[in-house]
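**Student:** When you get a sec, could you give me coordinates for this:
(one chain, ligands or ions: 1)
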Amino acid sequence: MLAIDMYDVWKTYRNGTQALKGLNLQVEGGEIFSLLGPNGAGKTTTVKIMSCILKPDKGKIKILDKEIPRNCGEILREVGTMPQEFQGFSDLTVRENIEYFASLYDKDINIDELIDMFELRKYEYKKLRELSGGFKRRVGLASAISGQPKILFLDEPTVGLDPKARRSLWEIIKKLRDKGITIFLTTHYLDEAEKLSDTVVVIYDGKVVRRGKPGEIIDEFKKETLEEAYLELMKNLEGESDG
Ligand SMILES: Nc1ncnc2c1ncn2[C@@H]1O[C@H](COP(=O)(O)OP(=O)(O)OP(=O)(O)O)[C@@H](O)[C@H]1O
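**Tutor:** Numbers count the residues shown, from 1 in each chain. The predicted structure is shown next:
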């Protein structure tokens, strides 16, 4: 089943900037999906529309078979989000933070299970501000899934983390996928997208320009890594728009 289905979505901001120009995006349930594209391509706009924060001007959008904007209330109960630079409440403990976010949902949530799942037991009673960036991000993820979402939106989840913390977060993200949660992430780290994603989509100037498994896109450009293939794709697109 499709977890996300966006068809011919358009969005122009009030100042006249056309952010999305007929975007089509399909995300299978249970996959890790990465949305890639240069600054200003329309990634954040897409995520904001899917999260019911922004209204599209035109287009059909279904999340878990429910329509946006009509069923936004229901949709938001099935979706978890970890925003970029998750801050949480710095003066509350790890446990209190997770408890707070869990309390926003009308569900029976086992906080201890979340603490163990994210290996936060050692930090349970530490204030959030005492944690390293990587562990803070774990609290963000634990909070984001505390409502037992079917889809998790992750906006650049590993920005600013050291290589070890990034890898450990990747393992956690894969574990969440293996539990059946659909993961939708935006990232500028192409190595991250290559290692983690089942499917990647590249958007450019408000439209989808590539979709595939990382290996398929690498093969298309006869490169070794997704980053090299992506850079080649960007070179071609910039060449087209210059000419
Ligand atoms: N509130 C806004 N008002 C006007 N224009 C906006 C607004 N938000 C975004 N834009 C413009 O819409 C276009 C798409 O922006 P968006 O933030 O969706 O891109 P992005 O792919 O997320 O970029 P980045 O990788 O830098 O986060 C850009 O040209 C941006 O300047």
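**Student:** Do you have the helices of the protein handy? List them.
**Tutor:** Applying DSSP state H to the chain gives helices spanning 43-50, 72-77, 94-103, 111-117, 133-144, 163-178, 190-196, 214-220, 226-242.
**Student:** What about Thr45, how many residues nearby?
**Tutor:** 22 (other Cβ atoms under 10 Å). (Glycine included, C-beta is placed from N, CA and C.)
**Student:** May I ask you to confirm that it is in contact with Gln18?
**Tutor:** No. In this structure, Thr45 is not within contact of Gln18 by Cβ atoms under 8 Å, at 10.1 Å.
**Student:** shared neighbours of those two, anything?
**Tutor:** Taking Cβ atoms under 8 Å, 6 or more residues apart in numbering as the criterion, Thr45 and Gln18 both touch Lys11.
**Student:** Tell me which of the helices of the chain approaches the ligand most closely.
**Tutor:** helix 43-50 (3.2 Å; Cβ to the nearest ligand atom).
**Student:** Return the residues of this protein in contact with the ligand.
**Tutor:** Contact residues (Cβ under 6 Å from any ligand atom) of the chain with the ligand: 13, 15, 17, 19, 37, 39-45.
**Student:** Can you tell me which of the residues you listed are buried?
**Tutor:** 19, 37, 41-45 (16 or more other Cβ atoms under 10 Å).
**Student:** Same list (the residues you listed) but as CSV, adding pLDDT.
**Tutor:** Formatted as CSV, those follow (pLDDT from 0 to 100):
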residue, pLDDT
Ala19, 97
Gly37, 96
Ala41, 95
Gly42, 95
Lys43, 94
Thr44, 90
Thr45, 94
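**Student:** Kindly indicate which of the residues you listed lies nearest Tyr230.
**Tutor:** Gly37 (9.3 Å; Cβ to Cβ).
**Student:** Now the closest one: phi and psi?
**Tutor:** When read as degrees, to the nearest 10, the backbone of Gly37 gives phi 160, psi 160.
**Student:** List the contacts of the closest residue to it other than its chain neighbours.
**Tutor:** Nearest non-adjacent residue to Gly37, counting by Cβ to Cβ, 6 or more residues apart in numbering: Ile203, 4.1 Å away. Counting by Cβ under 8 Å, 6+ apart, Ile203 touches 23, 35-37, 41-43, 46, 209.
**Student:** List the residues that contact the nearest residue to Glu31 once chain neighbours are set aside.
**Tutor:** Closest residue in space to Glu31, ignoring its immediate chain neighbours: Asp198 at 4.0 Å, by Cβ to Cβ, 6+ apart. Taking Cβ under 8 Å, 6+ apart, we find Asp198 in contact with 28, 31-33, 177, 213.
**Student:** Out of the residues you listed, which two sit at the greatest distance?
**Tutor:** Going by Cβ to Cβ, the pair spanning the contacts of Asp198 furthest: Arg177 and Lys213, at 14.6 Å.
**Student:** Show me which of the contacts of Asp198 are buried.
**Tutor:** For those, buried by 16+ other Cβ under 10 Å: 32-33, 177.
**Student:** So Leu154 is in contact with Leu185, correct?
**Tutor:** Yes. Between Leu154 and Leu185 there is a contact at 4.2 Å, judged by Cβ under 8 Å.
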